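Visitor: Quick one: sequence plus predicted model below, questions after.
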Amino acid sequence: MKQHSPISKHEDIKIELRDYDKAVYDEKTDGLKWAFELEAGESETLIFRYSQKAPKGMPLAMN
């Protein structure tokens, strides 16, 4: 399973990965990668957390 890290298009907005449970961060792709196997009918919950910082008063939108 692969997931790209959130990115900002604005230089004043900083994004920081906080927690990426059991994942490996790949700097080349700026993404997270989980490796696991599931049997038929099994499920897995994947968690990643990040924070974003922006100058006070700057509106933020998540797309």
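Guide: Okay, I see it.

Visitor: use CA for all of it now, contacts and neighbours both
Guide: OK.

Visitor: can you give me phi and psi for residue 18?
Guide: When read as degrees, to the nearest 10, the backbone of residue 18 gives phi -110, psi -50.

Visitor: Going forward, count from 824.
Guide: In the new count, where the first residue is 824, that last one comes out as residue 841.

Visitor: pLDDT wise, what is it at?
Guide: The model reports residue 841 with a pLDDT of 83.

Visitor: Isn't it up against residue 874?
Guide: Yes. Checked against CA atoms under 8 Å, the pair residue 841 and residue 874 is within contact range at 6.8 Å.

Visitor: Show me which residues of the host helix or strand of residue 840 are buried.
Guide: For residue 840, the element it lies in under DSSP states H and E is strand 837-843. Within strand 837-843, the residues scored as buried using 16 or more other CA atoms under 10 Å are residue 843.

Visitor: shared neighbours, residue 841 and residue 874?
Guide: Common contacts of residue 841 and residue 874 (CA atoms under 8 Å, 6 or more residues apart in numbering): none found.

Visitor: before we move on, the earlier item: check which element follows the strand holding residue 840 along the chain.
Guide: Next along from strand 837-843, by DSSP H and E: strand 847-849.

Visitor: that older thread, who's in contact with the strand holding residue 840?
Guide: Contacts for strand 837-843 (CA under 8 Å, 6+ apart): 828-831, 855, 870-877.
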